[in-house]
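>>> Quick one, structure for this:
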Amino acid sequence: MKTYEIILHPESSFLTPFQADTIFGSICWAIRYMEGEKELEDFISKYQTSPPLIISNGFPTGFFPKPLHEPVTREQLIEIVKETDKIKKDSKKELIDILKIMKKFKKEKLIKKDVFEELLNGLSEKDYLKRKIDENHEVYYPEKKFTLYKNAINRVTSHTNEEGGLFTQDETFYSNETNISFFIKINGIDKEFIEKIFKFISLNGFGKKKTTGKGHFKLIDIKEYKFNSPENPNAFVSLSSFVPSENDPVEGWYDLQVKYGKLGGHYASGNSRTPFKKPIRMFQAGSVFKTNNLKEYYGQLVSNVHTDEKIKQYGYVFAVGMKI
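Numbers count the residues shown, from 1 in each chain. Model prediction:
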């Protein structure tokens, strides 16, 4: 499968995270509105034999999810700190201060591309943390999340209520210098088709509240991409949230999330069907599983997530080989 990097520039704040299943839903609706119902059904039916498209979560360009490793214990962390020359002998205060900083790095979700590639090629969690102390690194995120208060409008009076008229809304903001990158593997479809799809999504918005100006972006570039991964990997890291299939690898390190999916397009605004999917448990991007037989993808298109049997949940792994 050919791999491409799709680069977008945010032109508003976003209420919906750039998760692979949500992006896949937007792609399906773009096909439905541009090509028709039959074309969408043909596209989805191909997943029974050979998926035509595997997509990752979206990340700030130049950043990737930190691959999960076997957790470092507190005792191991203390040993790592003592191996450096950053604390005076028997200084408990300096040790505690550094351990507080180290806890932040243990919880890092995003890391820069050069560090990601080193972890793909065998850099251990212990050496990674030791380097963080030596280089006095800071935890940096190119995105900021805020909870904003909004006024609720009374539909009868068209004014705000005197009491109880406030609600909260979580929004993600990006600096003007920040772009968002997705990675996509395609089989049997071409770059021009992908470009057409993402131009449609950019014009119509992504995720919640797009009709009020949220979730808007500009398509910057689509280019071939090659990951700097090892020749003989013994594991993979997923760049997407996913649901494993029956025969997928089971030994590894992972974080879980419960996804409360919602239908999009005209399914979200009327008709007789409920717009809500059943809750589903998914592995998060950054999860690592051991295997000596690396495939392009794992996971599945999940059925029985809604009373309408045609509705599916995207749960494929965007797999990148790594050495652990």
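
>>> wait, Val115 sits on Leu129?
No. Shown here, Val115 and Leu129 do not form a contact pair, counting by Cβ atoms under 8 Å, at 11.8 Å. Yep, even glycine has a C-beta here, placed from its N, CA and C like the rest.

>>> got the residue ranges for the helices in the chain?
For the chain, applying DSSP state H gives helices covering 20-35, 37-45, 74-82, 92-106, 113-120, 125-135, 191-204.

>>> Can you say which of these is nearest to Asn232?
helix 113-120 (12.3 Å; Cβ to Cβ).

>>> by contact count, what packs against that closest one?
On a contact count with 3 or more Cβ pairs under 8 Å, 6 or more residues apart in numbering; DSSP states H and E, helix 113-120 meets strand 63-65, helix 125-135, strand 313-322.

>>> relative to helix 37-45, how tilted is the last one?
Strand 313-322 runs at 40 degrees relative to helix 37-45, counting by axes from the mean of the first three to the mean of the last three Cα atoms, to 10 degrees.

>>> now swap in the second one and tell me
When the same axes, to 10 degrees is applied, the directions of helix 125-135 and helix 37-45 differ by 100 degrees.

>>> buried set for helix 125-135?
125-126, 128-130, 132-133 (16 or more other Cβ atoms under 10 Å).

>>> How far does it sit from its chain's centre?
Helix 125-135 sits 25 Å away from the centroid of its parent chain (Cα atoms, centre = their mean, to the nearest Å).

>>> so what does that helix touch, helix or strand wise?
helix 74-82, helix 92-106, helix 113-120.

>>> Nearest the geometric middle of this structure, what residue?
Closest to where the C-alpha atoms of the chain average out (Cα atoms, centre = their mean) is Asn57, at 3.1 Å.

>>> Am I right that it is in contact with Phe24?
No. In this structure, Asn57 is not within contact of Phe24 by Cβ under 8 Å, at 10.8 Å.

>>> What distance do you get for the residue lying closest to Glu108 once chain neighbours are set aside to Gly286?
Spatial nearest neighbour of Glu108, chain neighbours left out: Lys66 (5.1 Å); criterion: Cβ to Cβ, 6 or more residues apart in numbering. For Lys66, the distance to Gly286 (Cβ to Cβ, to the nearest Å) stands at 6 Å.

>>> Dig out what Tyr298 forms beta bridges with.
The bridge-partner assignment for Tyr298, based on DSSP bridges, gives Val317.

>>> for it, what are its contacts?
By Cβ atoms under 8 Å, 6 or more residues apart in numbering, Tyr298 lies in contact with 236, 238, 242, 244-245, 248-249, 289, 316-317, 319.

>>> follow-up on the earlier one: out of the helices and strands packed on helix 125-135, deepest packed?
helix 113-120 (a mean of 18; mean count of other Cβ atoms under 10 Å).

>>> so that one versus strand 313-322, what angle?
Put simply, helix 113-120 runs at 80 degrees to strand 313-322, going by the same axes, to 10 degrees.

>>> Name the residues that touch helix 113-120?
62-64, 66-67, 111, 123, 128, 227-230, 237, 320-323.

>>> are any of the residues you listed buried, and which?
63-64, 66-67, 111, 123, 128, 227, 229, 237, 320-322.

>>> how far away is Lys208 from Phe14?
8 Å.

>>> cool, and Tyr298?
28 Å.

>>> what's the answer for Tyr174, then?
8 Å.

>>> Please say which of the two ends up with more neighbours.
Phe14 (26 against 19; other Cβ atoms under 10 Å).

>>> Let me see the contact set for the residue nearest to the more buried one when sequence neighbours are not counted.
The spatial neighbour of Phe14 that comes closest, neighbours along the chain excluded (Cβ to Cβ, 6+ apart), is Thr172 at 4.8 Å. Residues in contact with Thr172 (Cβ under 8 Å, 6+ apart) are 13-15, 17, 143-145.

>>> 6 Å instead?
14, 143, 145 (Cβ atoms under 6 Å, 6 or more residues apart in numbering).

>>> okay, now the last one: neighbour count?
The reference is to Lys145. Lys145, neighbours per other Cβ under 10 Å, totals 12.

>>> Name the residues linked to it by a beta bridge.
Bridge pairing for Lys145 - DSSP bridges - gives Thr172.

>>> Could you report the pLDDT at it?
With respect to pLDDT, Lys145 has a value of 83.

>>> quick one on the thing from earlier: can you say which of the helices and strands packed on helix 113-120 is nearest to Thr3?
Evaluated over the helices and strands packed on helix 113-120, closeness to Thr3 peaks at strand 313-322, with 9.2 Å, by Cβ to Cβ.

>>> pLDDT on the closest one, on average?
pLDDT averaged over strand 313-322 gives 96.

>>> That one: how far from the chain's middle?
11 Å.

>>> Over to stretch 281-300?
Put simply, stretch 281-300 sits 14 Å off its chain's centre (Cα atoms, centre = their mean).

>>> export that stretch as PDB, just CAs?
The C-alpha trace of stretch 281-300 is given here as PDB (Å, rounded to 0.1, in the frame of the first residue of the first chain):
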ATOM      1  CA  ARG A 281     -13.900   0.200  23.800                       C
ATOM      2  CA  MET A 282     -10.900   1.100  21.700                       C
ATOM      3  CA  PHE A 283      -7.100   1.000  22.000                       C
ATOM      4  CA  GLN A 284      -5.600   4.400  21.800                       C
ATOM      5  CA  ALA A 285      -2.900   5.600  19.400                       C
ATOM      6  CA  GLY A 286       0.600   4.900  20.800                       C
ATOM      7  CA  SER A 287      -0.300   1.400  21.800                       C
ATOM      8  CA  VAL A 288       2.400  -1.200  21.000                       C
ATOM      9  CA  PHE A 289       2.000  -4.900  20.300                       C
ATOM     10  CA  LYS A 290       4.700  -7.500  19.800                       C
ATOM     11  CA  THR A 291       4.800  -9.400  16.400                       C
ATOM     12  CA  ASN A 292       7.500 -10.800  14.100                       C
ATOM     13  CA  ASN A 293       5.100 -10.800  11.200                       C
ATOM     14  CA  LEU A 294       4.300  -7.100  10.600                       C
ATOM     15  CA  LYS A 295       1.300  -6.400   8.400                       C
ATOM     16  CA  GLU A 296       0.200  -3.100   6.800                       C
ATOM     17  CA  TYR A 297      -2.800  -3.000   9.100                       C
ATOM     18  CA  TYR A 298      -4.700  -4.800  11.800                       C
ATOM     19  CA  GLY A 299      -8.100  -4.300  13.400                       C
ATOM     20  CA  GLN A 300     -11.500  -4.400  11.700                       C
END
